[in-house]
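>>> let me see the structure of the following:
(2 chains)
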Number of protein chains: 2
Amino acid sequence: ASLCFISATLPSPNSTTLPLCRRGSYPPQQNRLYAGNPEFRTQFESFLYEMQDRFCSKLEEIDGKKIHTDTWERNNGGGGTTKVLQNGNVFEKAGVNVSVVFGEMPASAVRVAAPKSAQDVGAVGVDDKERIPFYAAGISSVIHPSSPMCPTIHFNYRFFDLDSHQARNGKVFPGVWWFGGGTDLTPSHLFKEDVVLFHEALKAACDATDPAFYPRFKKWCDEYFFIPHRGERRGVGGIFFDDLNCRPKEELMAFQRACAEATLLVYPEIIRRRLDMPFTEEQKRWQQLRRGRYAEFNVMYDRGTTFGLKTGGRVESILMSLPLTARWEYSHTPKAGSSEAELLQVLKTPADWV
Amino acid sequence: ASLCFISATLPSPNSTTLPLCRRGSYPPQQNRLYAGNPEFRTQFESFLYEMQDRFCSKLEEIDGKKIHTDTWERNNGGGGTTKVLQNGNVFEKAGVNVSVVFGEMPASAVRVAAPKSAQDVGAVGVDDKERIPFYAAGISSVIHPSSPMCPTIHFNYRFFDLDSHQARNGKVFPGVWWFGGGTDLTPSHLFKEDVVLFHEALKAACDATDPAFYPRFKKWCDEYFFIPHRGERRGVGGIFFDDLNCRPKEELMAFQRACAEATLLVYPEIIRRRLDMPFTEEQKRWQQLRRGRYAEFNVMYDRGTTFGLKTGGRVESILMSLPLTARWEYSHTPKAGSSEAELLQVLKTPADWV
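Numbers count the residues shown, from 1 in each chain, chains lettered A, B, ... in the order given. Presented below is the predicted three-dimensional model:
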């Protein structure tokens, strides 16, 4: 969902006739705004579309139902491909969205979105209102299975790239880029071995680039997916990061690929383990209550969702993250000692899984 | 839900030993903060508890199931009574909440909550951070029937009362009070004659006090319940007002009573008309989608809900407004010419019903 933030918060570029970005394409070189760094952008878009294809193939293989594809254009520059499998045999609702968008954003917004990266390049002295050309691309996915034994998963990997830009007042806004994203798991029934497998896979993906990443991004994830008014997290976490430019961009793309590959490996395995397990009506009802909390987090606190919706992003691509069905009961409290209470405990006090 | 805003946004008073407000009671006279105007507050509380009792009796009579009652205290002063009927024969979820709370709020918050009323009494020169003693009481209700033929209703009537107060810097914040509230209807299937009856009753209640009220508050309602990212309202409106002190408070309480009485009269009549009508699975599914929109509005845009949740109000009393069940489908569009499309048209472009 965070990607939709990108496609939404950033107002129109000078030219409204820029072509739609497609697989392997990027805005033409003759447009001075987007002249820089086309090779890396092409590589990154290929990574996004490859991951979308592979995830969707896997979803179709598990589910047996064909995924639906919508290709859309963003009025102010760029577009995307949204793939959704709804009312499937295994998945109640599963969406995988790729966005590649570009335009102009105020210098102040750059500094808010990526304070560290902006500071690193000295992008601090430019007028707040100066409009900086940007390019942003990412993949975002939320997968809600029908069975309460199978967890919901969310992942998002994105790249922001701003060329250096001479402002109207003669000042130069230096080029700046950063990565953001993560993967997190939301079970309604806690199978500890699944959560351990999930975290182990993400830790291994992190460690391959930097052993400092996993502890930092695991903590960041627990903080980000907190629902303050419930005093609980929406799930059992994973990793979350933003404003990341501490290594060469090729290395950080490799890091994102490693995380995405880990997700592609372990999520189907977790589904395979749980898919045929029987469940009770009570467990289904509990799943529905957890889906209500998921919806609460997404529309109240998720930055991508709220900014996207409030600033005119593609509503259906943003809200594809919402569950097909959800439930709110007045004053529902799980019985002490129940598996529901056990899950709630972990959501209130995050555990270390690896 | 708006009342929960009151019980939530306003931090602790000097004394934490103030007694819980109960029917017919108010904070003791010896506390200088709340010495003024006890008779009117008592009358208003009686009105609230009377309406709660009568609404709940009517709900129980229609449903056949007994309503559940929770009495709660607010840490920082006051408390309330929340009544909920869940999983009933007729009502999926129906809640009626009364709150009577008091404490201190910053002068800046008074001016934001009721700019006109505050200006009327000259409460503009006091330091923003000066803490003003307040009293606030109200009734808030959301009723979600099971049948998609029966509409959801929401109503809320509240009264704010701030005594004059000498600030630490010697300035005096003059006494100020105001009323807020309204009633609005959210059908998932449009029966025009029901909507006409509903608006006629509210118009008559308004006209008895001031013929200018209905047109003004009907428009305000259409504006308030707008979901910007959907380009539609959550329902077919009704009335909404706030910051109202244009007449003596006894007259405005009588106006609120007339509105509440009108609601108590017409809502059961509308339920009676539609309760035994057959409906299709398609209509039930459409109702669930509309409930998703209802949840979106409440947690994203309703001021009472969002402020209440973000500032520590009683979560279960605030979120009792959420439907028991809701649904989100990707890119759902009603067929042209269908009754669903007809409703959507009215939600996008509000009609004049009387």
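
>>> where does the prediction get shaky in the stretch 1-150 of chain A?
Along the stretch 1-150 of chain A, the model assigns pLDDT under 70 to residues A:1-37, A:124.

>>> in it, what residue lies closest to chain B?
Here the stretch 1-150 of chain A gets closest to chain B at one residue, A:Val84, 4.5 Å apart by Cβ to the nearest Cβ. Every C-beta, even on glycine, is put in place using the N, C-alpha and C of the backbone.

>>> how about the residues of chain A near chain B?
Residues of chain A found near chain B (Cβ under 8 Å from any Cβ of the partner chain) are A:68, A:70, A:84, A:86, A:93, A:95, A:228-230, A:288, A:292, A:295-296, A:299-300, A:306, A:309-310, A:312, A:315-316, A:319-320, A:322-331.

>>> filter those residues down to the ones in strands?
Among those, DSSP state E puts A:His68, A:Asp70, A:Val84, A:Gln86, A:Lys93, A:Gly95, A:Thr325, A:Ala326, A:Arg327 in strands.

>>> that older thread, so what's the residue count around the residue of the stretch 1-150 of chain A closest to chain B?
Per other Cβ atoms under 10 Å in any protein chain shown, the neighbour tally for A:Val84 reads 21.

>>> contact partners for it?
Shown in contact with A:Val84 (Cβ atoms under 8 Å, 6 or more residues apart in numbering or on different chains): A:Ile67, A:His68, A:Asp70, A:Lys93, A:Ala94, A:Gly95, A:Met320, B:Tyr330, B:Ser331.

>>> filter the residues you listed down to just the buried residues.
A:Ile67, A:Asp70, A:Lys93, A:Ala94, A:Gly95, A:Met320, B:Tyr330 (16 or more other Cβ atoms under 10 Å in any protein chain shown).

>>> is the third one in a bridge, and if so with what?
This points to A:Lys93. Counting by DSSP bridges, A:Lys93 is bridged to A:Gln86, A:His144.

>>> quick one: the helices in chain A, in order.
Along chain A, the stretches classed as helices by DSSP state H are A:2-9, A:38-63, A:107-113, A:115-120, A:192-207, A:213-224, A:249-274, A:281-300, A:303-310, A:315-318, A:339-348.

>>> winner for burial among those helices?
Comparing those by mean neighbour count (mean count of other Cβ atoms under 10 Å in any protein chain shown), helix A:2-9 ranks first with a mean of 28.

>>> next one: stretch A:93-102 to chain centre, how far?
Average the C-alpha atoms of stretch A:93-102, do the same for its chain, and the two points are 9 Å apart (Cα atoms, centre = their mean, to the nearest Å).

>>> bridging residues for the most centrally placed residue in chain A?
Nearest residue to the geometric centre of chain A (Cα atoms, centre = their mean): A:Asn156, 2.4 Å. With DSSP bridges as the criterion, A:Asn156 is bridged to A:Ser140, A:Gly182.

>>> need the contacts of A:Val84 in a markdown table with distance to A:Cys221, can you?
Below are these laid out as a markdown table (distance: Cβ to Cβ, whole Å):
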| residue | distance to A:Cys221 |
| --- | --- |
| A:Ile67 | 27 |
| A:His68 | 30 |
| A:Asp70 | 29 |
| A:Lys93 | 22 |
| A:Ala94 | 21 |
| A:Gly95 | 20 |
| A:Met320 | 21 |
| B:Tyr330 | 26 |
| B:Ser331 | 30 |
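
>>> just give me the closest of those residues to A:Ser339.
Lowest distance from A:Ser339 to these (Cβ to Cβ) belongs to A:Lys93, with 24.0 Å.

>>> now the closest one: how far from A:Ile62?
To A:Ile62, A:Lys93 is 14 Å away according to Cβ to Cβ, to the nearest Å.

>>> ditto for A:Gly237
Using Cβ to Cβ, one obtains 24 Å as the distance from A:Gly237 to A:Ile62.

>>> swap in A:Gly304?
Plainly put, A:Gly304 is 26 Å away from A:Ile62 if you go by Cβ to Cβ.

>>> and if you look at A:Gly175?
According to Cβ to Cβ, A:Gly175 and A:Ile62 sit 42 Å apart.

>>> gap between stretch A:201-213 and the chain center?
Computed by Cα atoms, centre = their mean, the chain-centroid distance of stretch A:201-213 equals 18 Å.

>>> and it, end to end?
This stretch, stretch A:201-213, spans 13 Å end to end (Cα to Cα, to the nearest Å).

>>> and for that stretch, what's in contact with it?
With Cβ under 8 Å, 6+ apart as the test, stretch A:201-213 has contacts from A:183, A:214, A:217-218, A:238-239, A:241, A:246-247, A:251-252, A:254-255, A:258-259, A:261-263, A:265-266, A:354.
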